[in-house]
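Colleague: Build the 3D model from these lines:
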Amino acid sequence: MIDLSRTHHKGIAVADIDRAVTDYGAALGLTFAPIRDFDPLPFWTPEEGAREISVRATYSLGGPIHLELVQGNSSFYDTASPAGARHIGVWVDDLPAEADRLVAAGWTPRAANLPPEQGYGAIAYLAAPDGGLLVELISTILKPAIDEWLGE
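Modeller: Numbering: from 1, shown residues only. Take a look at the predicted model:
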């Protein structure tokens, strides 16, 4: 069961991450971790299948909930796309089981590291039946690397 107290971030897709860091930082009084490039990043969507994309990302420092800024070369991360533009990221211990539970409840896989039949990988985005919420399930296997990146 998803535990919202384990929410790690509120994520948004941005067209220019360098500018977004400056703009959000100044307006909201935030500082950000160094921007990281993930190239290649294995990525699956139902529309485009499995492939590799490039993503630049950062998180605000502090918390307990971070602001994630993501710039990618995939239509999923298009700032105009409701599918990837806004989401919450939540830690889960068993990502495949949690994703399968949501799918059984009517949620739709929108993207993941791997196709669903291969267990989704370390991240998976699922949309609520009404399309109002997109949840990024984040495997706790990534937690040590993300904590190190953020100095936590």
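Colleague: which residues touch the residue of the chain positioned farthest from its centre?
Modeller: Going by CA atoms, centre = their mean, the residue of the chain most distant from its centre is residue 26, 23.2 Å out. Counting by CB atoms under 8 Å, 6 or more residues apart in numbering, residue 26 makes contact with nothing. Glycine gets a C-beta too; all of them are placed from N, C-alpha and C.
Colleague: A helix includes it, no?
Modeller: Yes. According to DSSP: H, G, I helix; E, B strand; the rest coil, residue 26 belongs to a helix.
Colleague: so how far is residue 20 from it?
Modeller: Using CB to CB, to the nearest Å, we find residue 26 at a distance of 11 Å from residue 20.
Colleague: Show me what residue 124 is bridged to.
Modeller: For residue 124, the beta-bridge partners under DSSP bridges are residue 112, residue 137.
Colleague: So it is in contact with residue 137, correct?
Modeller: Yes. In this structure, residue 124 is within contact of residue 137 by CB atoms under 8 Å, at 4.7 Å.
Colleague: what is in contact with these two at once?
Modeller: With CB under 8 Å, 6+ apart, residue 124 and residue 137 have common neighbours 95, 99.
Colleague: Looking at those two, which has the bigger crowd around it?
Modeller: residue 124 (27 against 22; other CB atoms under 10 Å).
Colleague: Many thanks, have a good one.
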